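In: Following is a predicted model, sequence given first.
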Amino acid sequence: MAQFVILNITFIIYTLKRMIPSIERKLREQLRLFRKRTPLSREAWHRARRILPGGVDGDDFASHPYPLQFESAAGAKVTDVDENEYIDYNMGFSSLILGHGDPKIRKAVSDIFESYGTNLLGASNPLEIQLATEISDIVRSAEKVRFTSSGTEANLLAIRIAMANRRKGKIAKFEGHYHGSFDYGLISSDTPRDELGPVRSPYPYSRSADIQEHTLYRTVVMPFNQLDETEALIKKNRKELSCLIMEPVAGGYRAASRDFIRGVRELTERYDIPFILDEITTGFRLGLGGAQEKYRITPDITTLGKIIGGGFPIGAVAGTRELMDSLDRYRNGSSEVYHGGTFNGNPISMSAGLATLSELKRGGTYTYLEKISQSIRKEIAEEGQSCGLKCQVLGISSIINVFFTGGKIKGYRDTLRADRSARQLFDLCLMNSGIFNVGEKPMFVSTAITKPEMRKTVEAIGGALRYMAS
Ligand SMILES: Cc1ncc(COP(=O)(O)O)c(C=O)c1O
């Protein structure tokens, strides 16, 4: 009798297990493995939560099920507190294009410690002139440059400059585009499916509880890569628009079509609306001259960040003399737009940025990055297809992203159809095989990736996809 009951229970458990969708079951399996491999990270996260909200210093660090705590990094690799080693494809959210601890950057920064002491702040220094000149020589729209300490601040300042110059109440931006942690930067950056509104006129969606109704009202949200609809919205609001802001490659992986971005440039010129191109991710990543060089367009203002700081805090607003001079305090005795910042132009970020640009200017860097990234994209696409998985590989230059969906991804709305659990599983499988990336974010390839890392990456991706399909 007891034997019969045990047999029955085993059968019921087996049947129930088969009924749980395979992705869910595998997610649990990988989560168990992740927890087993990273007990010290989990413990540290519990400690962190007592003092840091969510145990992190920003929403993007809050990956599932908890963030890893790293204790060292070198070249392409990072090591967590449990002594697991990973090949890093987050690379400081794209900032570290040369990998961790590049010797030229380290030398530049330690030379600065020697000559400037701890840090020369709140005073002018020759390095800011040098970095601004480098940027101006390379970035076609950069007649003058003002440094900030983050990309968020750069976009905020760019919008303020445009507002001061046009003095109209609204700004235009695109659905699914992120410009930093402030009202305009967040509006409609990740609208959920039931808040989208019509394609020809997306609703402004408040991603953060602090955003006020009147700011939503003052934001015209437009559909990316849809020129006719965008034209209609620009025309309708032209008398009220102080500027238009756009990511040339939305989310770092949905690239604007050439006709679209050029069309937007033409329309903004026609209606005299300052065009702000947010190149905080694409600047010095798509190539030396960023997206504007690739598309051959010249925006009125470009915002930069990440790579130009060589891994140290930075942002920059670069634009036409006419617009940028509203920050000139010596012109007519006072500036039209007030802008401060204790850490702006700090010598550490300036010197690390200069060392990075000098490396990037060496021939062959971008061809190398493109080659590695193309191989990874190809591996994911081919392995996904041979496993029968519905998986789409997107990205441009050294940016890679993966969505699990059968339909083609043309815009932000298509990404909402993708299977997020499958992507979470993919990320966890990679993490458990020693490939680090922040959950559901694009992968950023650095020059520190060489053949052995490349081989390990391809093996891990192949293994993850086969496991998902099994
Ligand atoms: C396109 C874009 N704009 C702005 C920002 C904000 O930059 P930061 O994080 O330096 O404030 C980011 C950051 O990821 C970004 O990707």
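Out: On my side now, so go ahead.

In: From Phe404, how far off is the closest residue to Ala469 other than its chain neighbours?
Out: Among residues not flanking Ala469 along the chain, Cys387 sits closest, at 3.6 Å (C-beta to C-beta, 6 or more residues apart in numbering). (Each C-beta comes from the backbone N, C-alpha and C, glycine too.) The spacing between Cys387 and Phe404, counted by C-beta to C-beta, to the nearest Å, is 11 Å.

In: Compare the two and say which one has the larger neighbour count.
Out: Shown here are Cys387 and Phe404; by other C-beta atoms under 10 Å, Phe404 has more neighbours (21 against 16).

In: That one reaches Arg417, doesn't it?
Out: No: counting by C-beta atoms under 8 Å, Phe404 does not reach Arg417; the two are 9.9 Å apart.

In: follow-up on the earlier one: quick check on the residue nearest to Ala469: phi, psi?
Out: When read as degrees, to the nearest 10, the backbone of Cys387 gives phi -90, psi -10.

In: For Arg166, list the residues it contacts.
Out: Neighbouring residues of Arg166 by C-beta atoms under 8 Å, 6 or more residues apart in numbering: 241-243, 272-274.

In: Need the residues you listed in CSV (columns: secondary structure).
Out: Output for these, formatted as CSV (DSSP: H, G, I helix; E, B strand; the rest coil):
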residue, secondary structure
Leu241, strand
Ser242, strand
Cys243, strand
Asp272, coil
Ile273, coil
Pro274, coil
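
In: Closest to Gly315 out of the residues you listed?
Out: Cys243 (17.1 Å; C-beta to C-beta).

In: Next one: that closest one from Ala132, what distance?
Out: For Cys243, the distance to Ala132 (C-beta to C-beta) stands at 22 Å.

In: Tell me which of these two has more neighbours.
Out: Set Cys243 next to Ala132 and count neighbours by other C-beta under 10 Å: Cys243 wins out with 26 against 19.

In: Buried residues, stretch 347-362. List them.
Out: 347-357, 359-360 (16 or more other C-beta atoms under 10 Å).

In: Restricted to strands, list those.
Out: In strands, judged by DSSP state E, none of these are found.

In: can you tell me which two in the residues you listed are farthest apart?
Out: Pro347 and Leu360 (20.0 Å).

In: Gly315 and the ligand, how far apart?
Out: According to C-beta to the nearest ligand atom, to the nearest Å, Gly315 stands 6 Å off from the ligand.

In: ok, what's across the strand from that residue?
Out: Thr148, Gly305 (DSSP bridges).

In: Can you check the pLDDT for it?
Out: pLDDT recorded at Gly315 is 98.

In: How about the contacts made by it?
Out: With contact taken as C-beta under 8 Å, 6+ apart, Gly315 is in contact with 147-155, 280, 303-305.

In: Would you enumerate the residues in contact with whichever residue of the chain sits closest to the ligand?
Out: Residue of the chain nearest the ligand, by C-beta to the nearest ligand atom: Gly151 (2.4 Å). Neighbouring residues of Gly151 by C-beta under 8 Å, 6+ apart: 179-180, 278, 280, 303-306, 315.

In: Recalculate using a threshold of 6 Å.
Out: Counting by C-beta atoms under 6 Å, 6 or more residues apart in numbering, Gly151 makes contact with 180, 280, 305, 315.

In: Chain neighbours aside, what residue packs nearest to it?
Out: Gly305 (3.2 Å).
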